[in-house]
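Chemist: what's the 3D shape of this:
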Amino acid sequence: MTIGQLAQRVGVNVETIRFYQRRGLLPVPGQNSRGGASGGVRRYDEALFRRLRFIKSAQAAGFTLAEIGELLDLDASSDRARARELADARIAAIEKTMAELDTARRALIGLSRQCAAADTLHCPIIAAFEQA
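Modeler: All right, here's what the predicted structure looks like:
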């Protein structure tokens, strides 16, 4: 498939693929055995599609591009301990974010209830954010 077809299939733009290539996360076809150039048009195979899909999924899980690069390298080396370490660090970060969001949710619920029960002209929600 062409770079445009690959981009469309994964739901990214062509420049995203080129950016990942510059970062070393995706090989450029013709530079390894996974892809190849045919008639001056570079072709991308299923392996590159799966790798790009992995990159997007890992980003959605909150991994940085540097961490994704490390995970890709670890896959080739089978260093599962380091892969678990990276995953555990992401889990800890996600749990911290979830705790912060839960605190914010509880605060907003309380403010919403105060707003519903308030007899004043000023909204407690707006007042709370003005004081922050």
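Chemist: Assign the most far-flung residue of the chain relative to its centre to helix, strand or coil.
Modeler: Residue farthest from the centre of the chain, counting by C-alpha atoms, centre = their mean, is Asp119 at 44.8 Å. When classified by DSSP: H, G, I helix; E, B strand; the rest coil, Asp119 comes out as coil.
Chemist: how near is it to Phe54?
Modeler: Using C-beta to C-beta, to the nearest Å, Asp119 is found at 56 Å from Phe54. Where C-beta positions appear, they are placed from N, C-alpha and C, glycine not excepted.
Chemist: So for the spatially most central residue of the chain, what's the nearest residue that isn't a sequence neighbour?
Modeler: Closest residue to the average C-alpha location of the chain: Gln59 at 1.9 Å, with C-alpha atoms, centre = their mean. Of all residues not flanking Gln59 in the chain, Ile68 sits nearest, at 6.9 Å (C-beta to C-beta, 6 or more residues apart in numbering).
Chemist: Take the strand or helix carrying the residue nearest to the centre of the chain, keep the C-alpha atoms, and write them as PDB.
Modeler: For Gln59, the host element (DSSP states H and E) is helix 46-60. The C-alpha coordinates for helix 46-60 follow below in PDB (Å, rounded to 0.1, in the frame of the first residue of the first chain):
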ATOM      1  CA  GLU A  46       1.100  -5.200   6.800                       C
ATOM      2  CA  ALA A  47       4.000  -5.300   9.200                       C
ATOM      3  CA  LEU A  48       4.300  -1.500   9.000                       C
ATOM      4  CA  PHE A  49       0.600  -1.200   9.300                       C
ATOM      5  CA  ARG A  50       0.700  -3.300  12.600                       C
ATOM      6  CA  ARG A  51       3.700  -1.300  13.800                       C
ATOM      7  CA  LEU A  52       1.900   2.000  13.200                       C
ATOM      8  CA  ARG A  53      -1.300   0.700  14.800                       C
ATOM      9  CA  PHE A  54       0.900  -0.300  17.900                       C
ATOM     10  CA  ILE A  55       2.400   3.200  18.000                       C
ATOM     11  CA  LYS A  56      -1.100   4.800  18.000                       C
ATOM     12  CA  SER A  57      -2.400   2.400  20.600                       C
ATOM     13  CA  ALA A  58       0.600   3.000  22.900                       C
ATOM     14  CA  GLN A  59       0.200   6.700  22.500                       C
ATOM     15  CA  ALA A  60      -3.500   6.400  23.500                       C
END
